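A.B. asks: requesting a structural model of the entry that follows:
(chains A, B, C, D and E, ligands or ions: 4)
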Amino acid sequence: MDLSVFLIQLLNSLQYGLLLYLVAMGLTLIFGIMGVINLAHGSFYMIGAYMAYALAPLVGGNFFLTLLVGLVLAVILGYLLEWAFFSFLYDREHLQQVLMTYGLILVFEEVRSLLVGDDVYGVSVPDILSGSIALGDVMTYPVYRLFVSAVCLLLALGMYLVFTRTRLGMMIRAGSVNREMVQSLGIDIKFLYRVVFAAGVAIAAFAGMISAPVSSIYPGMGNQVLIICFVVVVIGGIGSIRGAFFAALLIGLVDTFGKVLLPEASGVLVYVLMALILLWKPNGLFKAG
Amino acid sequence: MSSSEHIIDAREIHAWYGSSHILHGIDLQINRGETVGLLGRNGMGKSTLIRTLLGHVKQRTGHISFFGKDMSKARPHEVARSGVAYVPEGRGVFPNLSVRENLVMAARPNKRGEQEWSYERIMQTFPRLKERETNLGGQLSGGEQQMLSIGRALMTHPELVILDEATEGLAPMIVNEIWRVVGEIRSSGMATLIVDRNYHKVLANSDRAVVMQKGQLVLQGEADKITNDPELTGYLGV
Amino acid sequence: EDALKVGLMLPASGTYAQLGNAIENGFKLYIEKEGGKLGGRDVEYVKLDDESDPSKATDNINKLIKSDKVDVVVGTVHSGVAAAMAKVAKKTGTLMVVPNAGSKLITGPMCAPNIFRSSFSNWQPGYAMGKVAADKGYKKVVTITWKYGAGEESVGGFKESFEENGGEVVKEMFVPFPNVEFQALLTEIAATKPDAVYTFFAGGGAVKFVKDYKAAGLMNSIPLLGAGFLTDGTLKAQGGDGEGLLTTLHYADSLDNETDKTFRTAYNESFEMKPDVYAVQGYDAAQILSIGLAAVDGDATKTKEIAAAVESAEIDSPRGKFTLSKAHNPIQDIYLREAKGEGNPVISVAAAKLDDPAKGCRM
Amino acid sequence: MIYKEKGKTLFVGLFFLALALYPLVGGEYSITLVNKIMIYAILALSLELLVGSTGLVCFGQAAFFGIGAYAAILLSPEDGPASVWFLLPACVVLAATYALFVGALSLRTKGVYFIMVTLAFAQMAYYVVHDTSLGGGSDGIYMYFTPGEETWLDLSNPVILYFFTLLFLVWTFVFLAILLRSHLGRALAGIRINEQRMLASGFSTYPYKLAAFVTSGGIAGMAGFLFAVQDGFVNPEMLSWHLSGALLVMIILGGLGHLHGAMIGAFVFVFLQEFFKSAEIFGDFAEHWHLGLGLTIIISVALLPKGLVGLPELVQKRLFGTQAG
Amino acid sequence: MNQHETLLSGQHITQRWGGLTALDDVSLEIERGTVHAVIGTNGAGKSTLINILSGELKPTEGQVTLLGNDVTRWSQPRRARGGLGRSYQRNTIYPDFTVSENCRLAAQAQIQRPWVWWNNAQQCQISTTNASNAILQAGLDDVSNSIAGPLSHGQKRQLEVAMCLSTHPQVLLLDEPLAGMGAEETERMLALLEQLKQDHAILLVEHDMDAVFRIADRITVMVNGKVIATDTPANIRSNPDVQTAYLGEH
Ligand SMILES: Nc1ncnc2c1ncn2[C@@H]1O[C@H](COP(=O)(O)OP(=O)(O)OP(=O)(O)O)[C@@H](O)[C@H]1O
Ligand SMILES: Nc1ncnc2c1ncn2[C@@H]1O[C@H](COP(=O)(O)OP(=O)(O)OP(=O)(O)O)[C@@H](O)[C@H]1O
Ligand SMILES: [Mg+2]
Ligand SMILES: [Mg+2]
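C.D. replies: Ligands and ions are numbered 1, 2, ... in the order given. Just a heads-up that it's a prediction; the model follows:
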C-alpha cells in the first residue's frame, strides 16, 4: 500500500468512524447516560432515513428544510414515546426495557411497511453539496461526505460541552444514578429525562436523515446499525461521550484496514477488537465523565 | 385551614410500603424559622415520615401543605422547589459527579434572590471539601460525603432543611462542626427538621421536639419540656 | 374434487419483502390467466411469511406440509431458507418450485425429482458475464461481493468463464454480509486499477454500492459489470448513478417477444406497476406447475410423471422460451443489458441456452 | 409462601403431564411444533440459570446452541446414522468447552460489558461458521442420517423424538430446580444480589460463575443437538444475535428469576408468533404479524412488571384488593 | 491459647491514588482478646485500611499477616476463609433474602461444597446453626424470618454485623458498626463486642467516642493517612495531638 493510498484509507476510516459516532451518539444519551437498554435505537435511525425520503416531496424537495422538519417531528416522537412507554419503566428491573424496546422494533418495522412499503429508496444529495474533490489521480471524494463529517464533529463537540460544562449535563448525569435525590433537589426528573430521551431519538433520526443520501434506505436497515452502535458505546466506556467518540474512530480504523488487509476476517474484527479491549480494560476505554 | 406561618402543615398522614402500614395518622407542623427535633428508635418511621412529606412515598393519604399551599398530591421536585432541602440518610451523593458539580448542579438563590450560602462559603465551612474539589463523589470518604450532602442542600437556599442522620459517621470534631452549622442555619432563620441519634444534642439544638413510636407521634412539645419528660427515655429505649 | 392447495412460502417482512410480493403477483397472474386452476383443480393459497430466516425455515415448511396439508409449495427468495425447504420437500416428496433462490445446493446436492427451479442459478449470470468481459478485451478484473453463498457462486461463475477466455481475476474482494460500508474497498480498487470490476449485490446493498462507486469517481475510469440484481428494481433509488451499467440476467426490459408483451400489459393492469424479474419467476413457477399437473390431472403426488412432463416441455416464459435441465434448473438465454433510466433494456444475448453445471446432483 | 410454592409445583407438574399426553391429541405437525418449542424451552432454561439466577446477562447463548447443533451434524458420519449415546454427550461437551473458554474470559467483566463480551464471542462463532467452509458457509449444512435410525431410539420418528425431548426438558427443569436450592444455587443467588459481600464472606465467586456458565452452555448444546436432529439442517443464523435476543425476550416475558417463567416465556412467545401469523384469523393482515406480536409485548411490559409469572398475583390483587393507597 | 497472640497485622501499608496518599506507612497489630479501635478524621484512610487488610484492595506497598501467614497475595475470599471477617460502612446485605438466609449464606462460605448440587442448602445443619447463633448474638432473633430489604436502617446495621459473625471469623474488622444505631441497639452491640472479644481479635473503626473509650483496649489514631498515636484509651484521651486533630473539646 503506497503512501497516498494509505492516506486515503485513513481518511476513509476517519469518515466512517465519524458517521458511526453520529449514529451511536443518540444511543450514548439514551443507553449510556439514561441507562435505558434501547434496542429500538436502530429503528429511530431507520425512521430518520425514511423521513428524509418521505418528507422531501412534502416540503418541496429542499433537503435542509426536510432535515429541519424531520428533526422537529423526531423530537415530538421521542417525547411522546418516553411518556407512553418508558416513563414507568425506570423503577423496574432494567431488563424490562429490553422487552419493551424489542416490542417497539417490531411495531416500527411494520408501521414503516404499512406507510411507505418495502421498497429500496435513495435520497439525492442536495445540489450545493453534490460536488466531488479529486484525491490525487486515484479517486474522488464526495463533498457531501465531508459535510457529514463536519456535522458529526460539531455535534460531538457540542454534546461534550453540554455534558461536561453545563448544569443541565450535571443534572442528567446525576439523574442516571439517583433519581430520588435529584428530585429532592427540586429538579423535575420526569421532564428532564423526557427531554433527554427526545434528544436521543432526535439525534438518531437526524443521523438517519443526514446519512440517507450516502447510504440507501431499505427495510431492516435499523437493525443492522444497532449492534455496532452498542459496540461503540461500550468500547468507549458507558456514559462517556468522549469515549464513544474515540471508540467510533477506532472501529472506523479497524474496519477499514481490516477489509483491505485481512479480508477473510473482516466481519469478525470489530468483535475481536471489542473482546480484546474489554478484557484489557473491563470498563471500556474511558470511564464515565 | 393552615396559617401560612407553617412551613409544613401535615394532618392525618398514613403511609404504606407495599402492604405494610408504616405511618398511622401523623399530625405535624413546623413553623417558619423553627427547629424541630424528630426522635425515635430505629425503625419507628422517622425517615418514612420525612420521605412521605417530601412526596417520595407514593402510597400515602392525608393532607400536607407547604407554606400554606396544599401539596398533598405534589411531586417531590415541587416540594423541593417550594423551599425544602433534604439531606437523606445515606447521604445521596452523586458518585459520578465531582465535588464541585455535586454542589453547583442544583444551586439556586432563595425566594428573595439572595445567595448567602455561596460556593466559597461552603468551601470555608468544610475545608476538607476544598481539598477534594475535583474528585468524584464516589471517591470521598463517608464523612466527606456527608459534608457534601449538607453543603449541597444549603446551596439550594431553602426555608427548611431536613437533616436525616446528618452526623452519622462523622468524626467528633466534624460533628461539632455540623452542630455549629446547624446553629448557624438556625440563627439565619432557616427552619430545620433534625433526626439524629444523639438526642441530647438534638434537644439542645431544637425549639421543639416530637417523638415517634411505631408510626405514631407519642410525645411532642417544647424541647426543654421534652428533655425532662420521664417517658422520653422509655420511648427512646435508653 | 377438492381444491389444490398451494403453499406460498415467501418473505412478507424484512429486506426481501418486496421480492416476495412480486413473486406472488406473478404467480397469481398466471393462475388467473388459467381460470384459477392448476391441472384442472381449483387453486387455494396458503400464505406464510418466511421472514428470510433460515433457522425458522424447517418449522415453516413443516407447517405448510403437515398442518396445512398443501399439495405444492412455492418458495422462496433466500437461499438458506430455500435449502432448508428443499431438504424437507425431498424427504416428504412434496412438489416444490423455487421461484428465486439461486443456491447451487438446490439443483446440486439436494436435487430431487419433485423439486424445480423457475429462476436461475447464481452461477449463470456470472458465467455469462465472464465471456462478455473477456470479449470486451478486459484482461485484469477485480470482483467484489458479499461474503455469502450467492455472491461467492456468482463470482465463481464469472471467474470460471473469464479465465477460460484468457482473462485474469486479480483480486476477489468480500464484504461481510450485510455490511454496506464499501469505501475502503473502493479505494483498494482504485489503487489496483483493474480493467473492470465484476460485482454481485442486491437490494439496499446494490443501491449503496453503485452510488458509492460513482461518488468515488470510478464509474468513468473503471467499468462496472454486475449480475442483473445490481440494477433490477434499484435504478430509481440509485438516482441516475446506475445509468449505463452493463449487467447480465435471464430477463430484461424490452425483450419484445409476444409472451413478454402480454405478460407486461396484464401485470400492469392487475397490479398497477411494472413487472420485474421476480414477477417473471413467479409467473413461470406457476407455468411449470401447470405443465406438470396437467399431465397427471392435478395429482401432485405423482412426482415422477410430473417431472417427466416438465423435463420434456418447452416453457414459454416472458424471458423467452426455456427448458429445464435434468437437475431441474432452467436452460436459458442470459441477456446482456444496459441500464437506461429506470429500465434495463437488452443489448444482446450474452450466453445462449446456458445450462448450470449442477455439481453434486445425483438423480 | 408455602401455599404459593405448592401452587407452583402443581402447575409445573400439570404442565409436564399435559405435554406428555399431547401426542394423543396433536396432529403430526403440531407435535413437531411443540417439540421445537420444548427445545426453545430447554434453551430458555439454560439462559435463565445465567440471567435470572446468577445475574449474568448473556447475549450470546445462541452460540452454544449453534455449536451443539453444528457438532451434531459435523460429527455424524455420511454413510449411516450416528449413535445417540456418542453424539449427544459429544455435542454437550463441545458446547460446554466453548462456554468454558468464553466464560473464563468474559467473566472478568461486569454488567453491560459482560453482555457485550458474550455477544462478541458469539459473533466470532457466527462468523466462523458463516465465512469458512467448515460449516457449509452461509447456506448451512444438513444431516444425512438421523442418529439412532433403525434402533429402538429412532429419533427420525417424530413421536419418539418428542418424548426424547420432553424427557430432557423435564430433566433440565428438575436438575436446575434442585441445583438452585443447593449450596451452589444459593451462592449463585448471592452473587446475583451482592457479589462484593460474597467475596467478603469467603466465596471465590469466579469459579462459581464459571460453573454456572459452563453448565448453561452444556445445556444449550444439548438443545442444539435436539434441534439438529429434529430439522436435520442447520445454518449460521442459529448462532446469530437475533436468536440470543429472542431468548432473552422469552425469559423476561415469562418472568425473570423463575424456572417455570422461562418455560412459560418460550411457549407463549412462540404461540404468539403462530397466532399472529395465522391467516385464518387475521386474513391478509397476517403478513404484518410483527405488529400484533410487538403490541402484545409492549402491553405485557406495561401491565406485568414481573412477567407472566406475576399474572396470578396481579389478578388476585385486582380481585380481592389489598390496601388503600 | 495465648491470650494476647497477634492474629492480624499490617506492616508499612501505603496506598496511593494518583496524587493522594490515602495511607502512609501504616503498621498495626491486632491481638486476640482485645478490641483495637482505629479512630481518625473523616477521610483519614480507616476504611481504606480495612479494605487492604481484608484483601479487597491491593496496597501500593506493605504487607499483611494473618494468623502467622503472610497473606499479602491472598485474595479476599481466601483471607475470609482463613478467619477474617469484615463488615462494611455501607450496608451490603441481600435485600431479597430473609434475615436468617442472609446469615446462612454467609455461614455457607466456611463449608463450600458447590459440587454437591443435589442437597438443599437450607437444610444444611452447620450453616443454619451458625447463622442462628449469629442472629441471636446480634439480637435479631425476632425478625429472623423477615425479608431483609424493608428492615430499618438500624436493623440492617445489626444484620451487617450478624453476617460477619456467621462466617465464624477469628478476626473481625468492623467499619462503623454503630453508625445509625439507636441507643438500645448501641448498648446491645457494645455488649456483644465485649463478649466476642474473649476469643476474637477485633478491629473497630468508629466515630462514637463514648463507645470507643468504653470498649477499646487499644486505640490507633489516624490523620490524613498517617498514624499519629497508638496507645491505651487513657493515654489517647490525654494526648494533646489527638485532642487538636480529632477529638476537639471532647
Ligand atoms: N422500602 C421499604 N419497604 C418496606 N418497608 C420499609 C421500607 N423502608 C422502611 N421500611 C419499614 O418501615 C419502617 C420504618 O422505617 P424508617 O426507615 O422510616 O425508620 P427510622 O425511624 O428512620 O429508623 P432508623 O433510625 O433506623 O433510620 C421499618 O419498620 C422498616 O422496616
Ligand atoms: N477509589 C478512590 N480513588 C481516589 N481516592 C479515594 C478512593 N477511595 C478513597 N479515596 C480517598 O482516600 C481517602 C481515605 O478514604 P477512607 O474511605 O479510607 O476514609 P475513612 O477514614 O474511612 O473516612 P470516614 O471516617 O469518613 O469513613 C479519602 O480522602 C478518600 O477521598
Ligand atoms: Mg431513618
Ligand atoms: Mg470510612
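A.B. asks: number of nearby residues for A:V272?
C.D. replies: Residues near A:V272, counting by other CB atoms under 10 Å in any protein chain shown, number 17. Every residue, glycine included, has its C-beta placed from N, CA and C.
A.B. asks: ok, it - contacts?
C.D. replies: Applying CB atoms under 8 Å, 6 or more residues apart in numbering or on different chains, we find A:V272 in contact with A:A265, D:A120, D:M124.
A.B. asks: and D:C58, by the same measure?
C.D. replies: Counted by CB under 8 Å, 6+ apart, D:C58 has contacts D:L47, D:L50, D:V51, D:F114, D:I115, D:T118, D:F213, D:S216, D:S244.
A.B. asks: filter the residues you listed down to the ones close to chain A.
C.D. replies: Among the contacts of D:C58, the residues that sit close to chain A (CB under 8 Å from any CB of the partner chain) are D:V51.
A.B. asks: tabulate the contacts of D:C58 (CSV), appending secondary structure and neighbour count.
C.D. replies: Converted to CSV, the contacts of D:C58 look like this (DSSP: H, G, I helix; E, B strand; the rest coil; neighbours: other CB atoms under 10 Å in any protein chain shown):
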residue, secondary structure, neighbour count
D:L47, helix, 29
D:L50, helix, 27
D:V51, helix, 26
D:F114, helix, 22
D:I115, helix, 24
D:T118, helix, 28
D:F213, helix, 25
D:S216, helix, 29
D:S244, helix, 26
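A.B. asks: strands of the stretch 101-250 of chain C, start to end?
C.D. replies: Along the stretch 101-250 of chain C, the stretches classed as strands by DSSP state E, counting those that start in this stretch are C:115-117, C:140-147, C:168-176, C:196-200, C:224-227, C:246-249.
A.B. asks: make CSV out of the contacts of A:V272 and add pLDDT and neighbour count.
C.D. replies: Converted to CSV, the contacts of A:V272 look like this (pLDDT from 0 to 100; neighbours: other CB atoms under 10 Å in any protein chain shown):
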residue, pLDDT, neighbour count
A:A265, 83, 16
D:A120, 89, 28
D:M124, 91, 19
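A.B. asks: filter these down to the ones in strands?
C.D. replies: Using DSSP state E, no member of the contacts of A:V272 falls in strands.
A.B. asks: and the closest residue to chain C within the stretch 1-150 of chain A, bridged to which residues?
C.D. replies: At 3.2 Å from chain C, A:T140 is the closest residue in the stretch 1-150 of chain A, using CB to the nearest CB. For A:T140, the beta-bridge partners are A:A134 (DSSP bridges).
A.B. asks: quick check: domain ranges of chain E?
C.D. replies: Domain assignment for chain E by automatic domain parsing gives E:1-83+E:170-250, E:92-168.
A.B. asks: and residue 148, how many neighbours?
C.D. replies: Chain wasn't specified; assuming chain A. With other CB under 10 Å as criterion, A:V148 counts 21.
A.B. asks: actually chain D
C.D. replies: 23.
A.B. asks: so it sits in a helix?
C.D. replies: No: counting by DSSP: H, G, I helix; E, B strand; the rest coil, D:G148 is not part of a helix but coil.
A.B. asks: got the contact list for it?
C.D. replies: D:P81, D:S83, D:V84, D:D154, D:L155, D:S156.
A.B. asks: among those, name the buried ones.
C.D. replies: D:P81, D:V84, D:D154, D:L155, D:S156 (16 or more other CB atoms under 10 Å in any protein chain shown).
A.B. asks: wait, doesn't the second one sit right on D:L155?
C.D. replies: If I follow you right, that is D:V84. Yes: between D:V84 and D:L155 there is a contact under CB atoms under 8 Å: 6.7 Å.
A.B. asks: wait, B:V218 sits on B:L236?
C.D. replies: No: in this structure B:V218 lies outside contact range of B:L236 using CB under 8 Å: 10.7 Å.
A.B. asks: shared neighbours of these two, anything?
C.D. replies: Residues touching both B:V218 and B:L236 (CB under 8 Å, 6+ apart) are B:V211.
A.B. asks: of these two, who's got more company?
C.D. replies: Between B:V218 and B:L236, counted using other CB under 10 Å, B:L236 has the larger neighbour count: 19 against 16.
A.B. asks: right, and the more buried one touches E:E187 too?
C.D. replies: No: assessed by CB under 8 Å, B:L236 is found out of contact with E:E187, at 11.6 Å.
A.B. asks: so where's the stretch 201-325 of chain D uncertain?
C.D. replies: Where the stretch 201-325 of chain D drops to pLDDT under 70, the residues are D:321-325.
A.B. asks: next to chain C, which bits of the stretch 1-150 of chain A? Give me the list.
C.D. replies: Proximity of the stretch 1-150 of chain A to chain C is confined to A:1-2, A:5, A:8-9, A:12-13, A:15-16, A:109-110, A:113, A:117-124, A:132, A:134, A:138-142, A:144-145 under the rule CB under 8 Å from any CB.
A.B. asks: out of those residues, which end up buried?
C.D. replies: By neighbour count, with 16+ other CB under 10 Å, those hold A:5, A:8-9, A:12-13, A:15-16, A:109-110, A:113, A:118-124, A:132, A:138-142, A:144-145 as buried.
A.B. asks: among those residues, name the ones in strands.
C.D. replies: Of the positions in those, A:S132, A:M139, A:T140, A:Y141, A:P142 sit in strands, assigned by DSSP E.
A.B. asks: the last one - nearest residue in space that isn't next to it in sequence?
C.D. replies: Meaning A:P142. C:A215 (4.2 Å; CB to CB, 6 or more residues apart in numbering or on different chains).
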